[in-house]
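1. Can you look at this prediction? I've put the sequence above it.
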Amino acid sequence: MKDWSEFPVMSRKCDYCGTVNSGQTFWAHERMLGTGKKFELWRCSLCKSVILLDPPSDLSQYYPPSYYSFRQKHQGDFLGRKLLVSALSRGLARRANMTMLSGFLCQSQLVVLAEFVLESRVDREKSSLVDVGSGSGDLLTYASALHFQSLTGLDAFIPNDILRSDGVAVKRGTLKEVTGEKDLIMFNHSFEHFENPLGTLREVHRILSPKGLCMIRVPVAGSQASEYYKSDWVQLDVPRHLTIPSERGLRECARAAGLELLKVWYDSGPFQFKGSNQNARRSVESVESESSRTELKEYGPKMFDIGYRIMAAKLNNRKAGDQAAFIFRTANH
Ligand SMILES: [Zn+2]
């Protein structure tokens, strides 16, 4: 596999750390819809954040109605609510070492949500929770068991507003249209779908209440998987992911928007290896003939992806997993 030093370079301003530098350019294929279209990316040579260089003018064709987050899958199933409430009430997630735990749980987003609410110490009955890029609002439905004063989803890509039976309201729109103060704001793998991360974080700063917290769950560039797999890293997900921050890049961007990083929880899982290896195999297949095809190494036993899960948990503990939850508050507390 090529080293980063062998890629062409281009000078531009990094959307995250804000410096002008000669970062590497590389190409990646659209994989989720199977179009195979190629898109060019730029990797900041200082903070290692990754930027999609020329996003298509009409991205809606890459978000078909069947896109996973628009499907109303759950009304908040019993097990999910129980897990969340139990994790919250007993502080289970914190004691059991959240980063290790999430590597083994299939619904890590519930543990992270519980941990976020615990961290905030807000009086939930007087507090608001906003999920930016909520899709049809499934995650908020789980939160409805926690008795928040208001639960609002926000998504620019849904066809129309949704009012769910559990009181969750999902609005078609962006942060710019939000008025008034909000106590908890979260982005669950949506931040990377927005252009202009600094502008988005400034909007967060504008509406975040003085003691409020913002959680951003994102893929992390500069992680071991992103640096190793490069254009085959599964979380590049071109052209839907417009920018992917490194920890350093996101921290510096947030600081420029008046926010400070309070905590980081790495919660990567087996997908970083499984998905990226699959991409790598497809890349090899597209350039090599059947006879010279190389079989890429698979790690660990296949059953339950135990090998991958252990590797992910180890990376999370070293803050080197390929996704994390970053908790921010207003600076100068
Ligand atoms: Zn940078």
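-> Done, it's in.
2. Quick check: mean pLDDT of the helix or strand containing Leu201?
-> Secondary structure assigned from DSSP states H and E places Leu201 in helix 197-207. Over the span of helix 197-207, the pLDDT mean works out to 98.
3. Kindly report the same for stretch 13-22.
-> Rounded mean pLDDT across stretch 13-22 is 98.
4. got the buried residues for that stretch?
-> 14-18 (16 or more other Cβ atoms under 10 Å). Any C-beta I mention is one placed from the backbone N, CA and C, and that applies to glycine too.
5. what's near enough to touch Leu198?
-> 15, 18, 253, 256-257 (Cβ atoms under 8 Å, 6 or more residues apart in numbering).
6. Among these, name the ones in helices.
-> Applying DSSP state H to those, the entries found in helices are 253, 256.
7. Make CSV from the contacts of Leu198 and add distance to the ion to it.
-> Listed next are these as CSV, based on distance: Cβ to the ion, whole Å:
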residue, distance to the ion
Asp15, 8
Gly18, 7
Cys253, 9
Ala256, 12
Ala257, 15
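8. Tell me the one among the buried residues of stretch 13-22 nearest to Gly275.
-> Taking Cβ to Cβ as the measure, Gly275 lies nearest Tyr16 of the buried residues of stretch 13-22, at 23.4 Å.
9. measure that closest one to the ion for me?
-> Distance, Tyr16 to the ion, using Cβ to the ion, to the nearest Å: 5 Å.
10. OK, contacts around the spatially closest residue to Thr200 that is not a sequence neighbour?
-> Distances taken as Cβ to Cβ, 6 or more residues apart in numbering place Phe194 nearest to Thr200, at 5.2 Å, with adjacent residues excluded. Going by Cβ under 8 Å, 6+ apart, Phe194 touches 133, 200, 242-243.
11. Next, format those residues as TSV and append distance to Val284, neighbour count and secondary structure.
-> Listed next are those as TSV, based on distance: Cβ to Cβ, whole Å; neighbours: other Cβ atoms under 10 Å; DSSP: H, G, I helix; E, B strand; the rest coil:
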residue	distance to Val284	neighbour count	secondary structure
Gly133	33	21	coil
Thr200	37	22	helix
Leu242	27	19	coil
Thr243	28	27	strand
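12. Thanks a lot, see you next time.
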